[in-house]
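Engineer: I'll drop the sequence and a predicted model, then ask my questions.
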Amino acid sequence: MKRIKRWLEFNRWYLQGRRPPWDTGVSPPELYAFIESHAPGRALDLGCGTGTNAITLAQRGWQVIGVDFAVTAILVARRKARAAGVQADFRVGDVTRLVDLRGPFDLILDIGCFHGLTPDERLAYARNVKRWLGPDGVFLLYVIFKDDAQPKRSGVAASDLDCFALELAPVARTDGTDAARGRPSAWLTYRFVSQQELLQ
């Protein structure tokens, strides 16, 4: 039921010709900093929305796949990519059930998708990320944390991030406040952990 409500909410914004509050239309400085310090490769944008960040990556030489379950958002993303003159593969899909998607990816990007999933969905999502991320790849994740005063709203607790262990190791974290929601947030950078490291 929650999945259907989310799907209706996301599509309602775009069908009404409005941009939802989480779709700023501007790539964040954290993504630009990553691009400046990494050579182009294959990227996967999970919960890509209208494609702003996937297009930013494609403009800088990355081969990008963007996935979102909001059909209308993907249609907008495709239109934006054509207007920008870049190639990006935008797909309608559920980030917890992308059985046909093939890695490895040098970058997996998630700006606000993971923290909207249920606990069971997060486990399936984490298994997929571990399967898709390349040996030298980076998983760049932006999350909003739970608000104790409003427990029914989406967000993660610190323990929710445990689903990425043991195969992914956090290498950087920058805490802040989400501008749209006024809640604590964080940018998290993960890397793949080799079998040798796991055995040590």
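Structural biologist: That came through, no problem.
Engineer: could I have stretch 181-192 exported to PDB, CA atoms only?
Structural biologist: Taking only C-alpha atoms (Å, rounded to 0.1, in the frame of the first residue of the first chain), the coordinates of stretch 181-192 have been written out as PDB:
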ATOM      1  CA  ARG A 181      12.800  19.800   4.800                       C
ATOM      2  CA  GLY A 182      14.900  21.400   7.500                       C
ATOM      3  CA  ARG A 183      15.900  18.000   8.800                       C
ATOM      4  CA  PRO A 184      19.400  16.400   9.500                       C
ATOM      5  CA  SER A 185      21.000  14.900   6.400                       C
ATOM      6  CA  ALA A 186      24.300  13.400   5.300                       C
ATOM      7  CA  TRP A 187      26.300  12.800   2.200                       C
ATOM      8  CA  LEU A 188      27.900   9.300   2.500                       C
ATOM      9  CA  THR A 189      30.600   7.900   0.300                       C
ATOM     10  CA  TYR A 190      31.200   4.100   0.200                       C
ATOM     11  CA  ARG A 191      33.700   1.900  -1.500                       C
ATOM     12  CA  PHE A 192      33.700  -1.800  -2.300                       C
END
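Engineer: Who are the packing partners of the longest strand seen in the chain?
Structural biologist: Looking across the chain with DSSP state E, the single longest strand is strand 133-144. When contacts are defined as 3 or more Cβ pairs under 8 Å, 6 or more residues apart in numbering; DSSP states H and E, strand 133-144 sits against helix 29-37, strand 105-111, strand 184-192. Heads up, the C-betas are built off the backbone N, CA and C, glycines and all.
Engineer: and the last one, which residues are buried?
Structural biologist: It stands for strand 184-192. For strand 184-192, a neighbour-count test (16 or more other Cβ atoms under 10 Å) marks 185-192 as buried.
Engineer: if we can go back for a sec, what about the helices and strands packed on strand 133-144, which gets the closest to residue 124?
Structural biologist: strand 105-111 (13.9 Å; Cβ to Cβ).
Engineer: If you count contacts, what does the closest one end up packed against?
Structural biologist: Applying 3+ Cβ pairs under 8 Å, 6+ apart, we find strand 105-111 packed against helix 29-37, strand 42-46, helix 52-59, helix 119-132, strand 133-144.
Engineer: tell me the most buried of the ones you listed?
Structural biologist: Of all the helices and strands packed on strand 105-111, strand 42-46 carries the top mean neighbour count, a mean of 27, counting by mean count of other Cβ atoms under 10 Å.
Engineer: Now do that strand against helix 52-59: the angle between them, please.
Structural biologist: Interaxial angle, strand 42-46 versus helix 52-59 (axes from the mean of the first three to the mean of the last three Cα atoms, to 10 degrees): 170 degrees.
Engineer: mean confidence score for strand 42-46?
Structural biologist: Strand 42-46 shows a mean pLDDT of 98.
Engineer: likewise stretch 74-88?
Structural biologist: Stretch 74-88 shows a mean pLDDT of 96.
Engineer: Show me how far that stretch is from its chain's centre.
Structural biologist: Averaging C-alpha positions (Cα atoms, centre = their mean, to the nearest Å) puts stretch 74-88 18 Å from its chain's average.
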